[in-house]
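**Student:** Here is a sequence together with a model predicted from it:
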Amino acid sequence: MHRPYLTTFHSPRRAWILRRLLLWVLAIGPGVLGMVADNDAGGMLSYLVTGSQNHLQWFLPALVFMAPLTYLIQEVALRVAVVTRLPYSQIMARKFGQTIARLNAVILHLLNTTILVTEFIGMTSALTLLGFPWTLALALSLSLVLGATSFHRYQQMERLLLVLATANLAFIPSLLTIHPHIHTWGSAFSGSFSGHIPFLLLSLAGNAVAPWMIFWQQNAVWAGNIQTLDFGRKDIRMGVAVQIVMATIVMFIGALAAHTVIHGRNPLLWLRANGGVTAAGFFAIGLFDAGFLAASTISVSSAWMVQEAFGKIHDRHQSPTQGPLAWLHTTSVSAAALIVLLPHLSSAAMALWAQALGALWMPVSLTMLGLIASDRRIMGSMVIRRRRYLLALAILIFVVLAGCTFLI
């Protein structure tokens, strides 16, 4: 088909560049959405807290180190999805039995509910900084999440959330409006390796590779329009790149605004006091968007898990937030929101612990995914090399064990 908009350039090189850009744009889908949502409100708050510790010489390399691991895990989930064209819980039931699939779904559902608490903390904190009363901000956040997840087809929600994801760019002007002293740049990399560093690294790992992302990738491919492995890989690469860039920006915000380590109910108040009103305002916009995207995708991922594991969803066009277990979705999201009303709830500590708990369960999820992807009866010629996956699992277990030294 003749496309004039691809051939009106003065040089073939420019036309080639435009074609490549269009292919990348067309590839945007669940991989990008999952990675952007993984940089959730809890993750962004934990990055802010991490940056305020003045240990970027440890955390930035760790963030880059996690990128290939994140890509590998999501690529394997994509591979399983493209080959099987089945819901992930159904594949788990065939491989490990119905009991294991249901137990895994229940555990991850509880873990995801914990993460949802941090999303509502982030959204409510952001709206509070922008002038809303705390209770009204929480009610508004809950209403928006329930409204966004009440879709009839997955593609409807994907298109909506991808458009709203552009508000994540607000973190960039937040960083640019901070005017740190020249010595602040040096102090951001001056911290020594102390006892709490392993726990912060564990939290970092939990945000980089969250268990819910495997279910999201698998089921979004099943319900969406990704047909080939190459198409999905482009989507995941873009998502990983966006995840690293935005996480780095937020850690720099915490480091360059840092005069004291973050404590208290609302880290945004700390940022406003140390980084300025404008920086905090832009950060609040980005934080609300991050929380909204994550609360929507994580709650839908949980709904998919439970509905599939208990045999309540079979059609890929069926909404996971509706049907026989729709009440569980509404109840879980609402309960997570109500927990935010508890007095003396530290958003900084909650964000770190939620991400760390995800990292603790990740080796289990990764082991099961690896056993599925290396089973030739399921994967056929698309089976993965077990050696490569065992290396990724060993790295992740090492990170988890290092983080657990903080708890001993």
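**Tutor:** Now that the structure is in, tell me what you want to look at.

**Student:** need the strands for the stretch 1-150 of the chain, in chain order.
**Tutor:** Under the criterion DSSP state E, counting those that start in this stretch, the stretch 1-150 of the chain contains no strands.

**Student:** Tell me where it is predicted with low confidence.
**Tutor:** When the per-residue scores of the stretch 1-150 of the chain are filtered using pLDDT under 70, the ranges that remain are 1-31, 34, 37, 54-55.

**Student:** do that again at 80, thanks
**Tutor:** Low-confidence segments of the stretch 1-150 of the chain (pLDDT under 80): 1-39, 42-43, 46, 49-59.

**Student:** now do the stretch 151-300 of the chain
**Tutor:** Along the stretch 151-300 of the chain, the model assigns pLDDT under 80 to residues 151-159, 162, 179-210, 216-228, 230-231, 258-267.

**Student:** Kindly tell me how buried the spatially closest residue to Ala284 that is not a sequence neighbour is, as a neighbour count.
**Tutor:** Setting aside the residues directly before and after it, Ala284 is nearest to Ala126 in space (Cβ to Cβ, 6 or more residues apart in numbering), at 4.0 Å. In short, each C-beta sits where N, CA and C put it, glycine included. Other residues within reach of Ala126 by the criterion other Cβ atoms under 10 Å amount to 28.

**Student:** ok, now which ones touch Ala126?
**Tutor:** Going by Cβ atoms under 8 Å, 6 or more residues apart in numbering, Ala126 touches 41, 137, 268, 283-285, 287-288, 291.

**Student:** what two of these are the furthest from one another?
**Tutor:** The largest separation in the contacts of Ala126, counting by Cβ to Cβ, is between Ala137 and Phe283 at 15.5 Å.

**Student:** Tell me which residues touch the closest residue to Val83 other than its chain neighbours, please.
**Tutor:** Of all residues beyond its chain neighbours, the one nearest Val83 is Met382 (4.8 Å), with distances taken as Cβ to Cβ, 6+ apart. Taking Cβ under 8 Å, 6+ apart, we find Met382 in contact with 79, 82-83, 229.

**Student:** Would you mind measuring from His344 to Ala81?
**Tutor:** Taking Cβ to Cβ, to the nearest Å as the measure, His344 falls 43 Å from Ala81.

**Student:** Same question for Ser301.
**Tutor:** If you measure Ser301 against Ala81 using Cβ to Cβ, the figure is 13 Å.

**Student:** shared neighbours of those two, anything?
**Tutor:** Counting by Cβ under 8 Å, 6+ apart, the common neighbours of Ser301 and Ala81 are Asn219.

**Student:** Which helix or strand contains the nearest residue to Ala210 once chain neighbours are set aside?
**Tutor:** In space, and not counting its chain neighbours, Ala210 is closest to Gly358: 4.8 Å by Cβ to Cβ, 6+ apart. Using DSSP states H and E, Gly358 falls within helix 347-373.

**Student:** Let me know how buried the residue nearest to Arg272 when sequence neighbours are not counted is, in neighbour terms.
**Tutor:** Among residues not flanking Arg272 along the chain, Ala280 sits closest, at 3.7 Å (Cβ to Cβ, 6+ apart). Each residue near Ala280 was counted by other Cβ under 10 Å, and the total is 26.

**Student:** same check, this time on Leu146
**Tutor:** Here the number of neighbours of Leu146 (other Cβ under 10 Å) works out to 18.

**Student:** Pretty sure Val333 is one of the things it touches, is it not?
**Tutor:** Yes. Under the criterion of Cβ atoms under 8 Å, Leu146 makes contact with Val333 at 6.3 Å.

**Student:** circling back to that earlier point, and of the contacts of Ala126, the nearest to Pro211?
**Tutor:** The shortest distance between Pro211 and any of those, using Cβ to Cβ, involves Ala41 and amounts to 17.9 Å.

**Student:** OK, contacts around the closest one?
**Tutor:** By Cβ under 8 Å, 6+ apart, the contact set of Ala41 is 118-119, 121-123, 126, 287-288, 290-291, 294-295, 351.
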